[in-house]
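1. How does the following fold in three dimensions:
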Amino acid sequence: MNTRTSLPSQGSDQLPPGTWKIVSVAAVGSFMAQLDATIVNVSLPDLVATLHAPFSYIQWVVSGYLLALALTLPLNGWLVSRLGGRAVYLWCFGAFTLTSGLCALAWSAPSLIVFRLLQGMAGGLLAPMAQMTVARVAGRQMPRVASAMTAPVLLAPLLGPVVAGAILSIASWRWIFLLNVPVGLAAFALAVLFLPDDRHDERPRPLDLTGLGFLAPALVSFLYGMDHVARLYGQATLGASLVLFVLYVRSARRKGDDALIDLRLLRAPAFSVSAIIMFLTNGVSFAGQMLLPVWLIHACGVSPERTGLFMAPLGVGMMCVYPLIGRLSDRFDARDLTGCGALLSFVGTLILALLAYNGLNVVLLALALLLRGGGGGAVGIPAMSVGYASIARPDIPMATTALNIMQRIGGPTLITACATFLGWRLATIAPSHVASEAYAETFGLLALFHGALLLTTRFIKSSERKR
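-> Coordinates of the predicted model:
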């Protein structure tokens, strides 16, 4: 397929033939990478027993994968400029499938952890490569096609434990990884057939080894430090990551467009606002998914099985909104659409704070989660589209890397902020008031982050009213 004739310009209102095939193939890789972030959680007890290792060691099967996902992100722009987006996607997809098979064949805990690290390094580029591929092929129609791609990707972490539970009920943990092999091979073949060859679109870039030496360990140490911020070594790691970030900024400003990530992209106000929104959207989503089951199980006495059912409206809200994002983006201004979504999520979180203080009401809980799921679904895609529309097409790989880094650090940052605040309030409030105050105040903190998101959406530049 010739990308010079098949890809739309930024101003085109028409999708070229074959667009939905490309979007579907891109979504499969991103879905698999995100699914594997949570699918192993349910199997950890089996891994402890079969591999004869303590839980503190086995948990690195999950933690190592999540850290590795962030490790390769800074290389995205350079790899695309050297090999082309199609080649990078195929290499990563092939490596992800191969390492999935190696994980299934692991003979010990160390071997499984090593294979999971390799799997995460390959999977780390699948999501940004899928996002970049869709941004290139869609042009101004990004909201129309992104809504179809993003829904299964965001639902993948929720489906992971369900899929793992079904597999473990009839087979061993090894089949969790073997499942990726036939699916990956089939998707790889489809990618070869349908993804466009874009090598002629790229300008080769030198590899910024200095920037890589600063940014890659900065990302990994930041995520690790935020996850262990309650401990002294976690705080030290977090401090080291901030120093590395500062050193990277100094290096990138000096190198300009030869830097690993060109920080001049942030001079475009629309792109900067989009990056902040992606950080906050991902952060409030993951922080809410962390707080809800903890509150339901420990404060409300709901069983784990019923907790899953009670949280179902969150996914229902997402699925109700995503198919409509394209049409809504055609009719409404991006600032109004994202602002409305952020407002709905804010109201839903306020309802959760009131429920935590006054006691559980299943009907109000379902309403709150529908508002959070639907509202969150109306924010991310339009904001991301605005960011892409503000930059030149050759800068899309670099922009994709920057947006994905902001997304990845948003989750652990706000999760840690809410978890740390909750732990502090549980330790300082009298036991008789723990459930009614500590959880309510923590949801209140989450509502403040939603308020910051709502405020940020107002900085999106208003465009001409659409039909």
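
2. domains of this protein?
-> Following the assignment in the TED database, the chain carries domains at 19-197, 209-259, 264-458.

3. now these as CSV including mean neighbour count?
-> Heads up, the C-betas are built off the backbone N, CA and C, glycines and all. Compiled in CSV, the domains of the chain are given as follows (neighbours: other Cβ atoms under 10 Å):
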stretch, mean neighbour count
domain 19-197, 20
domain 209-259, 17
domain 264-458, 20
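
4. between the ones you listed, which gets the lowest average pLDDT?
-> When these are compared by mean pLDDT, domain 19-197 comes last with a mean of 77.

5. Gly339 contacts Leu453, doesn't it?
-> No - taking contacts as Cβ atoms under 8 Å, Gly339 lies outside contact range of Leu453: 9.7 Å.

6. how close does Ala49 get to Ala130?
-> Distance, Ala49 to Ala130, using Cβ to Cβ, to the nearest Å: 36 Å.

7. right, and Ser241 touches Ala216 too?
-> No - judged on Cβ under 8 Å, Ser241 makes no contact with Ala216 at a distance of 11.0 Å.

8. and Ser6, what pLDDT?
-> Looking at Ser6, its pLDDT reads 43.

9. quick one: the helices in the stretch 201-350 of the chain?
-> All helices of the stretch 201-350 of the chain, identified by DSSP state H, counting those that start in this stretch, fall at 209-227, 232-255, 269-294, 304-310, 312-321, 325-331, 334-358.

10. CSV for those helices, including distance to Ile170?
-> What follows is the helices of the stretch 201-350 of the chain, written out as CSV (distance: least, Cβ to Cβ, whole Å):
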stretch, distance to Ile170
helix 209-227, 33
helix 232-255, 39
helix 269-294, 26
helix 304-310, 19
helix 312-321, 24
helix 325-331, 37
helix 334-358, 37
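
11. Any idea which of those helices gets closest to Thr420?
-> Across these, the minimum distance to Thr420, taken as Cβ to Cβ, is reached by helix 209-227, at 9.6 Å.

12. The closest one vs helix 232-255, what angle?
-> With axes from the mean of the first three to the mean of the last three Cα atoms, to 10 degrees defining the directions, helix 209-227 sits at 150 degrees from helix 232-255.

13. residues in contact with helix 209-227?
-> Judged by Cβ atoms under 8 Å, 6 or more residues apart in numbering, the contacts made with helix 209-227 from elsewhere in the structure are 63, 66-67, 70-75, 234-242, 244-245, 247-248, 251-252, 255, 259-261, 405, 408-409, 412-413, 415-416.

14. rerun at 7 Å
-> Helix 209-227 is touched from outside by 67, 70-71, 73-74, 234-235, 237-238, 240-241, 244-245, 247-248, 251-252, 259-260, 405, 409, 412-413, 416, with contacts defined as Cβ atoms under 7 Å, 6 or more residues apart in numbering.

15. Surely Leu102 and Phe115 touch.
-> Yes - applying Cβ atoms under 7 Å as the test, Leu102 and Phe115 come out as touching, 4.4 Å apart.

16. Could you pull up the residues touching Trp60?
-> With contacts taken as Cβ under 7 Å, 6+ apart, Trp60 has the following neighbours: Ile113.

17. From Val284, how far out is it?
-> According to Cβ to Cβ, Trp60 and Val284 sit 28 Å apart.

18. what does Gly444 give?
-> 13 Å.

19. before we move on, what about Leu247?
-> In this structure, Leu247 and Val284 are separated by 30 Å, where distance is defined by Cβ to Cβ.

20. ok, now Ala70?
-> 20 Å.

21. what does Pro269 give?
-> Counting by Cβ to Cβ - Pro269 and Val284 are separated by 22 Å.

22. How about Lys255?
-> Taken as Cβ to Cβ, the spacing of Lys255 relative to Val284 amounts to 34 Å.

23. Equivalent analysis for Leu371, please.
-> Using Cβ to Cβ, one gets 13 Å for the distance from Leu371 to Val284.

24. Overlap of the contact sets of those two?
-> If you check Leu371 and Val284 against Cβ under 7 Å, 6+ apart, the residues they both contact are Ser345.

25. Strands of the chain, start to end?
-> Remark: strands of the chain are absent; assignment by DSSP state E.

26. from memory Leu178 sits against Leu105, does it?
-> No - counting by Cβ under 7 Å, Leu178 stays clear of Leu105, with 9.1 Å between them.

27. wait, what's in contact with Arg306?
-> Residues in contact with Arg306 (Cβ under 7 Å, 6+ apart): none are found.

28. which residues touch the nearest residue to Lys255 once chain neighbours are set aside?
-> In space, not counting the residues next to it along the chain, Lys255 is nearest to Asp208; the distance is 6.3 Å by Cβ to Cβ, 6 or more residues apart in numbering. Under the criterion of Cβ under 7 Å, 6+ apart, the neighbours of Asp208 are 255, 258-260.

29. just Gly184 next, same as before
-> Shown in contact with Gly184 (Cβ under 7 Å, 6+ apart): 32, 93, 96-97, 100.

30. elements contacting the top helix by length along the chain?
-> If each helix of the chain is counted by residues according to DSSP state H, the longest one is helix 396-428. Applying 3 or more Cβ pairs under 7 Å, 6 or more residues apart in numbering; DSSP states H and E, one finds that helix 396-428 makes contact with helix 76-83, helix 126-138, helix 209-227, helix 269-294, helix 380-389, helix 439-457.

31. So for Thr349, which of those helices sits nearest?
-> Within the helices and strands packed on helix 396-428, the stretch nearest Thr349 is helix 439-457; the backing value is 4.4 Å (Cβ to Cβ).

32. any idea how far the closest one is from the chain center?
-> Counting by Cα atoms, centre = their mean, to the nearest Å, helix 439-457 is centred 19 Å from the centre of its parent chain.

33. what's in contact with it?
-> 273, 276-277, 280-281, 283-284, 287-288, 291, 295, 299, 335, 338-339, 342-343, 345-346, 349-350, 352-353, 356-357, 414, 418, 421-422, 425.

34. switch to 6 Å and redo it
-> Residues lying outside helix 439-457 but in contact with it, judged by Cβ atoms under 6 Å, 6 or more residues apart in numbering, are 276-277, 280, 284, 287, 295, 299, 338-339, 342-343, 345-346, 349-350, 352-353, 356-357, 414, 418, 421-422, 425.

35. cool, and stretch 117-129?
-> When contacts are taken as Cβ under 6 Å, 6+ apart, the neighbours of stretch 117-129 outside the stretch itself are 29-30, 33, 64-65, 68-69, 71-73, 76, 88-89, 92, 95-96, 99, 400, 404.

36. List the ones among those residues that fall in helices.
-> 29-30, 33, 64-65, 68-69, 71, 76, 88-89, 92, 95-96, 99, 400, 404.
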